[in-house]
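Q: okay, structure incoming, though there's no sequence with it:
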């Protein structure tokens, strides 16, 4: 690791705040002594939870924040009005260079709006994008964007591909990852105006563009990075999550529905355990918000301490691999294409 890393943690973001966020920080410190955390939230509540642990007090500090942004609030309005919220306080720490990264399991909309308006965009990036790594049959894959930009221009998708490529190469150690354009057919002429206009840009980009990818082929993981606008990406993400969840429940119901099923289930217990782990969001930490002037990682709302610890590891890898600097450098190379 390249020296000390300071991570701002939204202590009140997520379904199990602040318990799991704090537990994740404590566990991460046991593995990496170069970490420092600034946890934002009501001082009394955060300190009470921290009091349950033995840890190096110099490694964790608390910034008092009396307000919490809820899931049912307008993201932009909440960021503007709730200046004393745990999320806004954490984002300002990154903006003011008092922290290198931020992790939040709170409102996705507020997190993206705050990252954009408070932390700010990388110069030259028109639209930052949310880019989760998801489990596939053959290998993990990325979908970019999954909700930050419902409406896009072709040059936005080109930039998404570039940012996704850099992140995938550095974090997953895949050299020259394949890039596909999510579409309703594999033929070049298929799709709407956005996909038809984006196709030639990706083709001429010098990246490993493999063409259009139909949604049914996304889960195979044969294509590393799937590029699309945020509306399509969010639909893909939620459909994928729902299908996996329902499939597990159907299998469980069928197994428990008969004696023979239960007996067979016992023999396959280790197999199902491995599959469940492969499709567990906790293993992937969080989704990187690429294109902003800071390391911004959005953890799943239901994150436990394992998920938080993996999100912390994600921030470490992000910083150690100079993702932001590489995006700035590579951006110059595609300016002529745009």
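A: Arrived safely, thanks for sending. The model shown is predicted, which means the values in this text are computed figures rather than measured ones.

Q: which ones are touching residue 298?
A: 104-105, 108, 111-112, 130, 286-289 (CB atoms under 8 Å, 6 or more residues apart in numbering). C-beta: built from backbone N, CA, C; applies to glycine.

Q: and whichever strand or helix holds residue 253, what's its mean pLDDT?
A: Counting by DSSP states H and E, the element that carries residue 253 is helix 230-256. For helix 230-256, mean pLDDT is 89.

Q: for the helix or strand following that helix, buried residues please.
A: Once the chain leaves helix 230-256, the next helix or strand it forms, by DSSP H and E, is helix 259-267. Buried positions in helix 259-267, judged by neighbour count with 16 or more other CB atoms under 10 Å: residue 265.

Q: name the next helix or strand downstream of helix 259-267, please.
A: That would be, after helix 259-267 and using DSSP H and E, helix 269-278.

Q: mind giving me the packing neighbours of that next one?
A: Using 3 or more CB pairs under 8 Å, 6 or more residues apart in numbering; DSSP states H and E, no helix or strand is in contact with helix 269-278.

Q: what does that helix rub up against?
A: 135, 248, 251, 265, 283.

Q: buried stuff in it?
A: Buried-residue list, helix 269-278, by 16+ other CB under 10 Å: residue 275.

Q: now that helix against helix 259-267, angle please.
A: With axes from the mean of the first three to the mean of the last three CA atoms, to 10 degrees applied, the angle from helix 269-278 to helix 259-267 works out at 70 degrees.

Q: can you list contacts of the helix or strand following helix 269-278?
A: As assigned by DSSP H and E, the chain's next helix or strand after helix 269-278 is strand 286-290. Outside strand 286-290, the residues within contact range by CB under 8 Å, 6+ apart are 103, 105, 111-112, 115, 128-133, 144, 146, 148, 160, 163-164, 167, 295-300, 303, 307, 310-311, 314, 318, 323, 327.

Q: ok, the helix or strand just after strand 286-290: who's next to it in the sheet?
A: Moving toward the C-terminus from strand 286-290, the next helix or strand (DSSP H and E) is strand 295-299. Strand 295-299 pairs in its sheet with strand 101-104 (parallel), strand 286-290 (antiparallel), by DSSP bridges.

Q: remind me which residues of the stretch 201-338 of the chain are low pLDDT?
A: Applying pLDDT under 70 to the stretch 201-338 of the chain flags the ranges 280-283, 335-338.

Q: tell me the contacts of residue 226?
A: 141-144, 180-182, 213, 218, 233, 236.
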